[in-house]
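*Asks:* fold the following for me, if possible:
(one chain, ligands or ions: 2)
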Amino acid sequence: PRKIRTHHLREMKERGERWAMLTAYDMYAAEVFDEAGIPVLLVGDSAANNVYGYDSSLPVSVDELLFLVRGVTRATKRALVVADLPFGSYQASPQQGYETAARFMKEGRAHAVKLEGGAEMAPQIELMAKGGIPVMAHIGFTPQSEHALGGYRVQGRGETAERILADARAVQDAGAFAVVMEMVPGDVAAQVTKELAIPTIGIGAGNQCDAQVLVWQDMMGLRTGRLPRFVKQYADLRSVMSQAAQAYADDVATGAFPAEEHTF
Ligand code: KIV
Ligand code: NA
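*Replies:* Numbering: from 1, shown residues only. Ligands and ions are numbered 1, 2, ... in the order given. Below you'll find the predicted structure:
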């Protein structure tokens, strides 16, 4: 199958075709979503929560993410694989950012990187883009800045809407090929989407974005507890896996497994 390139995403925007992005952190998820036709896979720093068991995305390291990126890129034939840059690996300077991003491209074989921030990250985006690394930006609520932003809250309400627009313009001008908008009022996200030439990818940003993204364990029902309002649950994998584990354990206890056909 023809590989998805960043220009295909821009062409889809021009044609008004919407698309879906999903996270993937390992081989099977990547293979399944790639075969299902998902054009962009994100190895998110949300692996902190969904793979490594941290309660926030801040502690995850470059090395912890790099190993996951390698698994995902090896298993992907068509999708564009985007590697998230973890907290502390790019904010200090454009040089630091370029060096981290280059590791994800060289060692991870990623096709693009993603970083959090708007106008203040323009120098980082510019250096990466000039140096041959496609960059996806991420504005609105940016989880790596949870403590600076005062918790998980919608960004860009009321007068601060202008800030979202300014950040969106800044990352496009710096050379980003797409921008994620997280927890932004739907009308603000719609205005940004209309104004930008590059695709917007929403998560909790209404239905007027060019694309949407969700964490796969959230939308397939692996995660427990209260889900964010922006998640729709499309499967109940937790029950499927739990029932399979219990059925297996029962069969072992009763001696029903292994049967004759499983035995040499
Ligand atoms: O890490 C992540 O999963 C993300 C997406 C939700 C955009 O950044
Ligand atoms: Na992320």
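*Asks:* what about the strands in the stretch 51-200 of the chain?
*Replies:* For the stretch 51-200 of the chain, strands defined by DSSP state E, counting those that start in this stretch occupy the ranges 80-84, 112-116, 135-140, 178-182, 200-203.
*Asks:* so who does G118 touch?
*Replies:* With contact set as CB atoms under 8 Å, 6 or more residues apart in numbering, G118 has these partners: A137, I139, R163, I164, A166, D167, A168, A170, V171. The way it works is simple: take the backbone N, C-alpha and C, and place the C-beta from them, glycine included.
*Asks:* try 6 Å this time
*Replies:* Listed by CB atoms under 6 Å, 6 or more residues apart in numbering, the contact partners of G118 are I139, D167, A170, V171.
*Asks:* out of the strands of the stretch 51-200 of the chain, which comes closest to ligand 2?
*Replies:* The closest of those to ligand 2 is strand 80-84. By CB to the ion, the value is 4.5 Å.
*Asks:* got the angle between the closest one and strand 112-116?
*Replies:* 40 degrees (axes from the mean of the first three to the mean of the last three CA atoms, to 10 degrees).
*Asks:* mind checking pLDDT for the residue nearest to D167 when sequence neighbours are not counted?
*Replies:* Counting by CB to CB, 6 or more residues apart in numbering, G118 is the residue found nearest to D167 once chain neighbours are left out, at 2.4 Å. Listed pLDDT for G118 reads 98.
*Asks:* give me phi/psi at G118?
*Replies:* Per-residue torsions, G118: phi -110, psi -120 (degrees, to the nearest 10).
*Asks:* separation between it and ligand 2?
*Replies:* Per CB to the ion, to the nearest Å, G118 is found 15 Å from ligand 2.
*Asks:* try G158
*Replies:* Going from G158 to ligand 2 by CB to the ion gives 26 Å.
*Asks:* so how far is ligand 1 from that residue?
*Replies:* The gap separating G158 from ligand 1 is 24 Å, by CB to the nearest ligand atom, to the nearest Å.
*Asks:* repeat that for A211.
*Replies:* 11 Å.
*Asks:* which ones are touching the closest residue to that residue other than its chain neighbours?
*Replies:* Of all residues not flanking A211 in the chain, I201 sits nearest, at 4.3 Å (CB to CB, 6+ apart). If you count contacts by CB under 6 Å, 6+ apart, I201 has them with M21, V180, A211, V213.
*Asks:* the helix or strand harbouring the last one - contacts with which helices or strands?
*Replies:* Okay, so that is V213. Following DSSP states H and E, the helix or strand that holds V213 is strand 211-214. When contacts are defined as 3 or more CB pairs under 6 Å, 6 or more residues apart in numbering; DSSP states H and E, strand 211-214 packs onto strand 19-23, strand 200-203.
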